[in-house]
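Colleague: 3D model of this:
(2 chains)
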Amino acid sequence: MNKKVAVIFILTLAALGYLTYYSFGPSSTTHIGPQVNPESLKPTQTTAISQNNETLKIYHNKDFAENFYAISIPQSWQNSSSTSRAGEYDFNLSDGTAKVELMDVPDNSTLELFVLSQEEPKLKTLLTGYKRIDYQKINISGNDAYQLDYLSDKDGVNYESIRTYVTGPDQAAVITFSLPQISVASLKNTFDLVTNSFSWENK
Amino acid sequence: MRQVFLFVSLAILCFGLYLRLFYDVPDSQEKINFFVSWFFIITGISSLLINLLWDSKKKEKNLE
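Modeller: Sure, this is the predicted structure:
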């Protein structure tokens, strides 16, 4: 065999070996796929809301070029987004959690169809004691949105979750609040305030 | 036969470049897309080189 051909063959095998390590090795998550933009983690403004006696911080997410968005979050909610994926925020409430994320919806589906045919069945299989309470179409900053309100059982406690899917220019945004059912009523106004503050920034 | 090999090499390389540059990758499949696209690009380039080198060796023999 030609020596040069043998060298190229060996180099190719080495390159493919390195590619496999780089793609699936222990540090692959830090360099493949979209990265969190440090600007996204810094709230830019604060707004005092007298109605709920709550101060809001506005987060501007700039992780995905076509999916910049802004959302107002109460200052008292603890941001635990350091371990989040790009386009995502996680917040700890006193007895629950809140999450904002981006979701890729297939081009051959509408958001409503996707929610009812893919998302809800997935929730049914993932969560123990899933039970739908309400489903409604709403409007958030001029965008069609679909709100799913459901119950699930976690360690013997009834949890209520309000999950809102907002139609976007490229991906959809999903805002989820989850906490024990008995605590939901007291925070419902705050949840509505946060959900309605959502807006796309590059639409 | 050599032309078929060259065509297949080019097709592999082009498919790899398409996956790398133009394919709309679903959120959860970025890793696999990264791996497959680079796999095709590396394989395509090396098979093109092998094809060209084998070609030059045959030419040298013909000249002799």
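Colleague: Identify each buried residue in stretch A:137-152, please.
Modeller: Residues A:Ile140, A:Asn143, A:Ala145, A:Tyr146, A:Gln147, A:Leu148, A:Asp149, A:Tyr150, A:Ser152 are the ones in stretch A:137-152 that count as buried (16 or more other Cβ atoms under 10 Å in any protein chain shown). All C-beta spots, glycine's among them, are computed from the backbone N, C-alpha and C.
Colleague: Please identify the buried residues of the helix or strand B:Leu13 falls within?
Modeller: Using DSSP states H and E, B:Leu13 sits in helix B:2-21. Judged by neighbour count (16+ other Cβ under 10 Å), helix B:2-21 contains these buried residues: B:Ser9, B:Ile12, B:Leu13, B:Phe15, B:Gly16, B:Leu19, B:Arg20.
Colleague: What lies in contact with that helix?
Modeller: Residues lying outside helix B:2-21 but in contact with it, judged by Cβ atoms under 8 Å, 6 or more residues apart in numbering or on different chains, are B:33, B:36-45, B:47-48, B:51, B:54-55.
Colleague: how about 6 Å then?
Modeller: Helix B:2-21 has contacts (Cβ atoms under 6 Å, 6 or more residues apart in numbering or on different chains) with B:Ser37, B:Phe40, B:Ile41, B:Thr43, B:Gly44, B:Ser47, B:Leu48, B:Asn51.
Colleague: ok, those vs chain A, which is closest?
Modeller: Within these, distances to chain A taken as Cβ to the nearest Cβ reach their minimum at B:Thr43, with 7.0 Å.
Colleague: who's in contact with the closest one?
Modeller: Counting by Cβ under 6 Å, 6+ apart, B:Thr43 touches B:Ile12.
Colleague: let's see it at 10 Å
Modeller: A:Thr12, A:Ala15, A:Leu16, B:Ser9, B:Ile12, B:Leu13, B:Gly16 (Cβ atoms under 10 Å, 6 or more residues apart in numbering or on different chains).
Colleague: now the residues you listed in a markdown table, with pLDDT and distance to B:Pro26?
Modeller: Putting the contacts of B:Thr43 into a markdown table (pLDDT from 0 to 100; distance: Cβ to Cβ, whole Å) gives the following:
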| residue | pLDDT | distance to B:Pro26 |
| --- | --- | --- |
| A:Thr12 | 92 | 29 |
| A:Ala15 | 92 | 26 |
| A:Leu16 | 91 | 24 |
| B:Ser9 | 91 | 28 |
| B:Ile12 | 94 | 23 |
| B:Leu13 | 93 | 24 |
| B:Gly16 | 93 | 18 |
